[in-house]
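Visitor: predicted coordinates and the sequence they were generated for:
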Amino acid sequence: MSANDYAEKVVNRFIDSITDYVFLSIEHEDNFMREYMENARLFTVGTVNQAIGKKVKELLKLEDLAECEKPRSRLITSYTRYKV
């Protein structure tokens, strides 16, 4: 496997699960987590999570692939995987 092939493999895996990674980054960044909790209190967790998921898809212009019901993030119960 070439370095380029490896790089593509890594990036494709990241794109496939990008929503999970976004929520993981929220969990691990104190400021993001405080803002997340504040917004969840104002608008409900479901509303905030759905808005984040939609914004990931919209900004990156991704196409749905399948649902994943085993996220690594504790903030979500499922997320949409995307085509690469």
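Guide: Here it is on my side, so go on. Note that the structure is predicted; figures quoted are calculated from it, not measured. Residues are numbered from 1 along each chain as shown.
Visitor: and for the residue nearest in space to the middle of the chain, nearest residue in space, chain neighbours not counted?
Guide: Nearest to the mean C-alpha position of the chain, by C-alpha atoms, centre = their mean, lies residue 19 at 1.2 Å. Closest residue to residue 19 apart from its sequence neighbours, by C-beta to C-beta, 6 or more residues apart in numbering: residue 79 at 4.1 Å. In this view, the C-beta of every residue, glycine as well, is placed from N, C-alpha and C.
Visitor: thought the one you found was touching residue 66?
Guide: No: Residue 79 lies out of contact with residue 66 (C-beta atoms under 8 Å); the separation is 10.2 Å.
Visitor: which one's more surrounded, these two?
Guide: residue 79 (24 against 10; other C-beta atoms under 10 Å).
Visitor: and the more buried one, what does it touch?
Guide: Neighbouring residues of residue 79 by C-beta atoms under 8 Å, 6 or more residues apart in numbering: 17, 19, 20, 23, 53, 67, 68, 71, 73.
Visitor: could you export these as CSV, including secondary structure?
Guide: Shown next, in CSV, are these (DSSP: H, G, I helix; E, B strand; the rest coil):
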residue, secondary structure
17, coil
19, helix
20, helix
23, helix
53, helix
67, strand
68, strand
71, coil
73, coil
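Visitor: gap between stretch 64-82 and the chain center?
Guide: 8 Å (C-alpha atoms, centre = their mean, to the nearest Å).
Visitor: what are the boundaries of the helices in this structure?
Guide: 3-16, 18-28, 30-43, 45-60 (DSSP state H).
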